[in-house]
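Asker: Generate a structure from the sequence data that follows.
(2 chains)
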There are 2 protein chains.
Amino acid sequence: MPNPSPNPFFDVRMRGFPARTEVAVAVELIRKRVGPLGPEAVELDAAAGHVLATAVTATVPVPHFDRAAFDGYALRADETFGAGPNNPLTLRIVGEAMPGRPFARPIGPGEAVRIMTGSPVPAGADAVLPAESAEEAGDLVKVVEPVVPGKNVGRTGEDVPAGSTVLPAGRVLRPQDLGLLSSIGVGRADVVRRPRVAILITGDEILPPGSKPVGYRIVDSNSVVLRALVRRDGGEVPPTKHLPDRPDAIREAMTAGGWDVLLVSGGTSVGREDHAPRLVAELGELPIHGMALRPASPAGIGFIGGRPVFLLPGNPVSCLCAYDLFAGRAVRLLGGRSDDLPYRTAEHPVAEKIVSAVGRVDYVRVRITPGGVEPIAVSGASILSTTVIADGFVLVPRDREGYEPGERVTVYRYDE
Amino acid sequence: MPNPSPNPFFDVRMRGFPARTEVAVAVELIRKRVGPLGPEAVELDAAAGHVLATAVTATVPVPHFDRAAFDGYALRADETFGAGPNNPLTLRIVGEAMPGRPFARPIGPGEAVRIMTGSPVPAGADAVLPAESAEEAGDLVKVVEPVVPGKNVGRTGEDVPAGSTVLPAGRVLRPQDLGLLSSIGVGRADVVRRPRVAILITGDEILPPGSKPVGYRIVDSNSVVLRALVRRDGGEVPPTKHLPDRPDAIREAMTAGGWDVLLVSGGTSVGREDHAPRLVAELGELPIHGMALRPASPAGIGFIGGRPVFLLPGNPVSCLCAYDLFAGRAVRLLGGRSDDLPYRTAEHPVAEKIVSAVGRVDYVRVRITPGGVEPIAVSGASILSTTVIADGFVLVPRDREGYEPGERVTVYRYDE
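Answerer: Got it, this is the predicted structure:
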């Protein structure tokens, strides 16, 4: 696919961004350039939450024979007309129908067959009298109420008619969908392949997760957050690569392949060691670098070999924000999902002024209190704890200076 | 723990239930008898969605040194007072501070240090001038605006003060929580152990998932649905056992151990081959069998060795309903979670009368249309496809005959 906006690369190191791209423009680019991956077959046991790649049509009906809907007695309904407590009908029990073990012959007049739920209804019978409504003695059963034809009989195909489409393409598979597939003899589902999302963490000072912070080195938190977010969005994550601030090492990792999406955290801004933007432009294209967004303004979106690459700032709040607003959309779209933000939303009044500036989108962490929505006072992009104590976030659109107390806002809730 | 309601076992086979337990009573029993399992340590990479067993306190501050919040120049703020476009201040760049590689000595008067975001701020410096606001030439940098002390410096502990509690016990771990744990040097989280939920599917006629329906045998769908539901609720599922309707085989599987919750589907009602209720009563206790609920009235709740056992009807809608209303609560409570139904809810007006009967709870599959909520006409417990085409379900309380058009009801949505 040709590059729709082949901006010549501008090296921003130590100079600042020439212009910042609007969030909506970046989202449009993602929607334009990213679509669902091809199908793959997965076992039903692993298919929950996957997205169906092709519609499923039943080749067999469910049930594939007339079956009893209750434990009781299979009988001929017309014989019971007029039966009542003062006029009981007595039928002879000539055998049993068990699940998987039908009664071998058609039943005749005056006959009944003891039948269990799910068992094939014998030929000749057309209704089932529930055990609770009958009285059995020896090989006789007493019927004290009429039974209408078809009563308590599940007809062939009543659940799924043969030839019917049971699930459409694009369906996010629910537990009961998998059950239905199993019941029509489908053991594997053709689902959209999960995108493989590689994560590169750059920075000489970064220690891998599980380390203790020592000296002036800090422990990587971004990969830990990103891996959980990618999995939430239906992606797979190969092992994280931790790289020094060396262009050759970063280039090698970028060209290693084996990914559908590449996330690069750290070294994405205008510092002298921020090599990633130049490398993406060199290896592919970097149509967007620098966003009209706070935090995460140094974020970038590029493509290498046509596959999306997201430059995520090293500051942890910026990294989370840029993932959710941009990279997560690509992961979800590749997996055949909606690119909507995957958070529950709720409308609340603002309790305490939310400050922003016209010309940029603001990602504001908020608490939801009985009085309404309060922004978290500490707003630094480096303060991950704000996203931990927050109940969620508000996105202030670019054309607003913020929200005044009493205005209603949409909160994206961090909890599930 | 003593059995709070040691009903003597009543063999209901071919006789019907003597009395049906109210749903609310069954839920109370579960809440009374089931609580969180003990803790286990899991790697951060596998901890998302787990429940924290104990609060976490930071033993180190984040950051653990004063750091630059921007790429730019570390300087002494007091020297910049009065600087302006017409009165530029020129500082000598005496070195660099990089992430993990501090500038080696304190800076003196007239000096600045080129500094990257996240780098340690050199002694003597107390502010950072962003690169965008400065002009560098040779080893000099021109400052054309005053910088206040502390500007763009992230102080030690500004994110997490040492000794602070960062996450409370009981927290369902979010991606950002894991990042915060990583940043304070915690590589594993102590979480509530996931309950191990064994599934027994009984029935001579049942073929395992992946089979084609043949003759009068049908393919198991319940285990497929249950496995996905248990995982949704944070449980683990060992391989399903498919058993014939033989008491010895079922008894052996029930006593095999290795589970925290046992789900038995099929053979739970009043049919002659319904052995499970008697076996649970024999091996432990069966305080509840038969529910004032449609569908799923043959459901039962027992305990073997003090661990909960759920008898789930073989009819697939009943199985789903009884899992969600009873078994799922136990799975969630054992895992330290809320026992609330794990579905999004929404209030909608009723578009088409929802019929129920006083004295039982009704689990009604519904569609949400532009006009409101419509019950799915086919209501049989055996019709799994109703739960596939439904948008969700409504629970009609026992004291209501149903809902009239225009009344508002809560819909539990099947989609995520």
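Asker: which residues does the single nearest residue of the stretch 1-150 of chain A relative to chain B contact?
Answerer: Per CB to the nearest CB, A:G100 is where the stretch 1-150 of chain A lies closest to chain B, at 2.8 Å. The way it works is simple: take the backbone N, C-alpha and C, and place the C-beta from them, glycine included. Neighbouring residues of A:G100 by CB atoms under 8 Å, 6 or more residues apart in numbering or on different chains: A:119, B:203-206, B:215-217.
Asker: The spatially closest residue to it that is not a sequence neighbour and A:P277, how far apart?
Answerer: Closest residue to A:G100 apart from its sequence neighbours, by CB to CB, 6 or more residues apart in numbering or on different chains: B:E205 at 2.8 Å. As judged by CB to CB, to the nearest Å, B:E205 and A:P277 stand 63 Å apart.
Asker: who has more neighbours, those two?
Answerer: A:P277 (25 against 22; other CB atoms under 10 Å in any protein chain shown).
Asker: Show me the residue at the heart of chain A, geometrically.
Answerer: Note on chain A: the residue nearest the mean C-alpha position is A:G49, at 5.2 Å, using CA atoms, centre = their mean.
Asker: and the residue nearest to A:G100, how far is that from A:D159?
Answerer: According to CB to CB, B:E205 and A:D159 sit 16 Å apart.
Asker: The lowest-mean-pLDDT helix or strand in chain A pairs with which strands, parallel or anti?
Answerer: Ranking every helix and strand in chain A by mean pLDDT, DSSP states H and E puts strand A:134-137 at the bottom, with a mean of 90. Sheet pairing for strand A:134-137, assigned by DSSP bridges, gives strand A:140-143 (antiparallel).
Asker: Give me the contact list for the strand it pairs with.
Answerer: Under the criterion CB under 8 Å, 6+ apart, residues A:73, A:75, A:80, A:83, A:88-93, A:112, A:114, A:129, A:134-136 lie in contact with strand A:140-143.
Asker: what do you get if the cut-off is 6 Å, keeping everything else the same?
Answerer: A:73, A:80, A:83, A:88-91, A:93, A:112, A:134-135 (CB atoms under 6 Å, 6 or more residues apart in numbering or on different chains).
Asker: With stretch A:203-217 instead?
Answerer: A:218-220, A:224, A:242, A:244-245, A:266, B:44, B:60, B:64-65, B:99-100, B:102, B:120, B:182, B:185, B:187.
Asker: In TSV: the contacts of A:G100, plus distance to B:S297 and secondary structure.
Answerer: Shown next, in TSV, are the contacts of A:G100 (distance: CB to CB, whole Å; DSSP: H, G, I helix; E, B strand; the rest coil):
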residue	distance to B:S297	secondary structure
A:S119	19	coil
B:G203	19	coil
B:D204	23	coil
B:E205	22	coil
B:I206	21	strand
B:G215	30	coil
B:Y216	25	coil
B:R217	26	strand
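Asker: Counting neighbours, which of the residues you listed comes out on top?
Answerer: Most surrounded of those: other CB under 10 Å gives A:S119, at 28 neighbours.
Asker: Can you verify A:R114 is assigned to a strand?
Answerer: Yes: per DSSP: H, G, I helix; E, B strand; the rest coil, A:R114 lies within a strand segment.
Asker: Now for it, how many residues are close by?
Answerer: Using other CB under 10 Å as the criterion, A:R114 is surrounded by 24 other residues.
Asker: Pairing partners for it in the sheet, please.
Answerer: For A:R114, the beta-bridge partners under DSSP bridges are A:Y73, A:E96.
Asker: re the thing from before, would you point out the most distant pair within the contacts of strand A:140-143?
Answerer: A:A83 and A:I93 (16.2 Å; CB to CB).
Asker: got the contact list for A:V148?
Answerer: Going by CB under 6 Å, 6+ apart, A:V148 touches A:A77.
Asker: roughly how far apart are it and A:F81?
Answerer: Between A:V148 and A:F81 the computed distance is 9 Å (CB to CB).
Asker: swap in A:A68?
Answerer: Taken as CB to CB, the span from A:A68 to A:F81 is 21 Å.
Asker: and the stretch 1-150 of chain A, which of its residues are near chain B?
Answerer: Taking CB under 6 Å from any CB of the partner chain, the part of the stretch 1-150 of chain A that reaches chain B is made up of A:14, A:16, A:44, A:48, A:60, A:64-65, A:71, A:99-100, A:102, A:116, A:120, A:131-132.
Asker: Which among those count as buried?
Answerer: Using 16 or more other CB atoms under 10 Å in any protein chain shown as the burial test, the residues of the stretch 1-150 of chain A next to chain B include A:14, A:44, A:48, A:60, A:64-65, A:71, A:99-100, A:102, A:116, A:120, A:131 as buried.
Asker: Look up phi and psi at the closest residue to chain B within the stretch 101-250 of chain A.
Answerer: In the stretch 101-250 of chain A, the residue that lies nearest chain B is A:E205 (2.8 Å; CB to the nearest CB). Reported as degrees, to the nearest 10, the phi and psi values for A:E205 are phi -90, psi 0.
Asker: where does it land on pLDDT?
Answerer: For A:E205, the pLDDT comes out at 91.
Asker: can you check A:P8 too?
Answerer: Note for A:P8: predicted pLDDT of 40.
Asker: who touches the single nearest residue of the stretch 301-416 of chain A relative to chain B in this structure?
Answerer: The stretch 301-416 of chain A approaches chain B most closely through A:T387 (4.3 Å), counting by CB to the nearest CB. With contact set as CB under 6 Å, 6+ apart, A:T387 has these partners: A:365, B:176.
Asker: Could you rerun that using 7 Å?
Answerer: A:T387 is in contact with A:317, A:320, A:365, B:176, counting by CB atoms under 7 Å, 6 or more residues apart in numbering or on different chains.
Asker: Could you chop chain A up by domain?
Answerer: With domains defined by automatic domain parsing, chain A comprises A:23-37+A:194-334, A:40-62+A:158-192, A:67-154, A:344-413.
Asker: Same question for stretch A:377-390: list its buried residues.
Answerer: The neighbour-count check on stretch A:377-390 (16+ other CB under 10 Å) flags A:379-388, A:390 as buried.
Asker: any idea of the mean pLDDT in it?
Answerer: On average, stretch A:377-390 scores 85.
Asker: give me the low-pLDDT residue ranges for the stretch 1-150 of chain A?
Answerer: Applying pLDDT under 70 to the stretch 1-150 of chain A flags residues A:1-16, A:18.
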